[in-house]
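1. Sequence first, predicted model second:
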Amino acid sequence: MKKIVLLLLVSFSFSSCWPTTDNRDFINENYKPIIVERSVLENSIAFQSSQPVIKSGKIYIKDDLMFVNDVNKGFHVYDYADPKNPIRMHFIKAPGATDLAIRDNTMYINQAVDLVTATYNPATKKFLVTNRNRNVFPQKQAPNGLYGYTKENEIIIDWTLIK
């Protein structure tokens, strides 16, 4: 009898580790990768006029500039001289980008699987990609943790929910 009670107790304690209905729904959602050719990715970074933020990610502040990541789209650049009134200035289009770091005037951008180095001069408003280290990062995972399959020279820059 004690063995049966112990077995039921152990079974019950492990059942709490299983996903709840909400998590199971998330796990069972189907996502489709958004894939681009490597040549398209490498020519995709562009300095553009300001745009509204769709899905904000990380925020980086350097001197009087604030960079707000638009997840997998790029970075919004704001004049942050007056933190109570940031002024939208530019958008750095970088499909697949999720993060950036800045040292001096050099920006390091995580763009999908690549680490891109660029310079930005606020005085001249010049933005220039100076280097690209290919395949530094793994391919992007779907929000439910699954991986997509790509051919050689194909890069996943985002995922879309299949309804």
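-> Alright, I've got the coordinates. Numbering: from 1, shown residues only.
2. who's in contact with stretch 32-51?
-> Residues outside stretch 32-51 that contact it (CB atoms under 8 Å, 6 or more residues apart in numbering): 70, 74, 76-77, 88-96, 109, 111-112, 114, 116, 118, 127, 129, 132, 134, 140, 142, 148, 150, 153-160, 162. Heads up, the C-betas are built off the backbone N, CA and C, glycines and all.
3. Among those residues, name the buried ones.
-> Using 16 or more other CB atoms under 10 Å as the burial test, the contacts of stretch 32-51 include 70, 74, 76-77, 88-96, 109, 111-112, 114, 116, 118, 127, 129, 132, 140, 142, 148, 154-159 as buried.
4. In strands only, show me the contacts of stretch 32-51.
-> Counting by DSSP state E, the contacts of stretch 32-51 place 70, 74, 76-77, 88-93, 109, 111, 114, 116, 118, 127, 129, 132, 154-160 in strands.
5. contacting residues for Pro122?
-> Neighbouring residues of Pro122 by CB under 8 Å, 6+ apart: Asp63, Asp64, Leu65.
6. Neighbour-wise, which one of those leads?
-> Counting neighbours by other CB atoms under 10 Å, Leu65 leads the contacts of Pro122 with 18 neighbours.
7. That residue reaches Tyr78, doesn't it?
-> Yes. Leu65 is within contact range of Tyr78, at 6.9 Å (criterion: CB atoms under 8 Å).
8. give me the element Ser39 is part of.
-> helix 38-42 (DSSP states H and E).
9. Go through that helix and flag the buried ones.
-> For helix 38-42, burial by neighbour count (16+ other CB under 10 Å) applies to Arg38, Leu41, Glu42.
10. which intervals of this protein have sub-threshold pLDDT?
-> For the chain, the stretches with pLDDT under 70 are 1-28.
11. go again using 90 as the cut-off
-> Along the chain, segments meeting pLDDT under 90 span 1-29, 104-105, 120-126, 163.
12. Just want the most central residue of it.
-> With the centre of the chain defined as its mean C-alpha position, the nearest residue by CA atoms, centre = their mean is Thr98, 2.8 Å away.
13. OK, contacts around that residue?
-> Contacts for Thr98 (CB under 8 Å, 6+ apart) come out as Gly57, Lys58, Asn69, Val71, Asn72, Asn110.
14. Does it lie in a helix or a strand, and which?
-> Assigned by DSSP H and E, Thr98 falls in strand 97-103.
15. Lovely, talk soon.
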